[in-house]
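Colleague: Provided below are the primary sequence and the corresponding predicted coordinates.
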Amino acid sequence: MLPFFAAAGIALIDGLLRIFLLKEEPHRKEEDASGAWQLLKNRTLLLVVGAVVIGAAIPSVLESTFPMHLQNVFDASPGIIGLLFGVPSLAYAFAAPIVGSVSTKIGHPKTITIGLAITAVSLTLVVMPTTMWLQVAALGLIGISMGTVLAPTLPELADIAEQSQTQAYGVTFAIYNTAYSVGMMLGPISSGAASDIFGLQLSYFAIAVMVLVYMLFFAIMTQLKRK
């Protein structure tokens with residue numbers, strides 16, 4: 001129960017700090033509703049939304065099925081499993097700023113494509129290690145792949161909103177949060193059901209193949225959009 005109480009306490013402190021420290025932004029012109037709906041028809045935006053769903057689904061894929069794998073292979077205790085799950089988060093935190101800088105130089109779609117490729121590879125590798133250090137490295141690669149997919153998506157969505165001349169940034173961020181939530185929901189459902197039917201390794205491989213297919217589709221469609 002202690003982790004839940006600790007998380008609740010942190011959330012309470014965060015809420016109080018927001019109430020007392022955050023100040024109202026100056027009033028801005030309201031977003032045009034028709035422009036917001038027009039934004040939802042943008043093909044590139046929908047492609048990026050798909051990438052957000054995948055980027056959010058990856059950690060939830062692991063959360064629902066991977067602890068049992070760690071128990072079976074390494075006889076890992078709950079404490080060790082918790083520490084191992086911290087590896088992708090730390091890797092994400094370190095990778096995201098670097099990815100953001102690279103993405104600005106080479107373009108957000110290209111960076112997302114690279115991230116999807118790394119995601120497919122890392123999902124295949126994460127169930128293979130039989131030594132703890134290789135397992136840590138594979139989980140670190142998962143975190144890097146998450147950062148490479150997700151870090152460029154918000155800037156790309158903001159660019160789409162600006163290029164559409166709607167200034168519908170509120171709608172853009174709402175779309176991002178919705179896609180992220182959908183990914184968090186689909187991850188455990190897909191990995192749990194597939195693991196029950198095919199086993200953990202084969203289910204992760206199948207998800208990796210689907211990510212790879214989407215990566216190819218994303219790369220082709222964004223390239224056609226430029227032309």
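Modeller: Received the coordinates, thanks.
Colleague: Tell me where the chain has helices.
Modeller: Ranges of helices within the chain are 2-21, 33-39, 43-74, 78-106, 108-125, 132-150, 153-163, 169-198, 200-226, based on DSSP state H.
Colleague: any chance of those in a markdown table, plus mean pLDDT and mean neighbour count?
Modeller: Just so you know, the C-beta spots here come from the backbone N, C-alpha and C atoms, and that holds for glycine as well. Converted to a markdown table, the helices of the chain look like this (pLDDT from 0 to 100; neighbours: other Cβ atoms under 10 Å):
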| stretch | mean pLDDT | mean neighbour count |
| --- | --- | --- |
| helix 2-21 | 94 | 9 |
| helix 33-39 | 63 | 15 |
| helix 43-74 | 92 | 20 |
| helix 78-106 | 92 | 15 |
| helix 108-125 | 95 | 22 |
| helix 132-150 | 95 | 21 |
| helix 153-163 | 86 | 18 |
| helix 169-198 | 89 | 17 |
| helix 200-226 | 90 | 16 |
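Colleague: can you pull the contacts of the most centrally placed residue in the chain?
Modeller: The centroid of the chain falls nearest to Gly55 when counting by Cα atoms, centre = their mean (2.6 Å). Residues near Gly55 by Cβ atoms under 8 Å, 6 or more residues apart in numbering: 115, 119, 146, 149-150, 153, 180, 183.
Colleague: out of those, who's nearest Ser203?
Modeller: Closest approach to Ser203 among those (Cβ to Cβ): Thr119, at 15.2 Å.
Colleague: Does the closest one touch Ala56 like I think?
Modeller: No. Assessed by Cβ atoms under 8 Å, Thr119 is found out of contact with Ala56, at 11.4 Å.
Colleague: Which pLDDT value belongs to Gln165?
Modeller: What the model reports as pLDDT for Gln165 is 65.
Colleague: how far does stretch 102-116 stretch from start to finish?
Modeller: Chord length of stretch 102-116, first to last residue, is 16 Å (Cα to Cα, to the nearest Å).
Colleague: Same question for stretch 39-48.
Modeller: 13 Å.
Colleague: Look up how far Val99 lies from Pro155.
Modeller: Using Cβ to Cβ, to the nearest Å, Pro155 is found at 11 Å from Val99.
Colleague: Distance of the closest residue to Ala206 other than its chain neighbours relative to Ile207?
Modeller: Nearest residue to Ala206 in three dimensions, chain neighbours excluded: Ala194, at 6.1 Å (Cβ to Cβ, 6 or more residues apart in numbering). When distance is defined by Cβ to Cβ, Ala194 is 7 Å away from Ile207.
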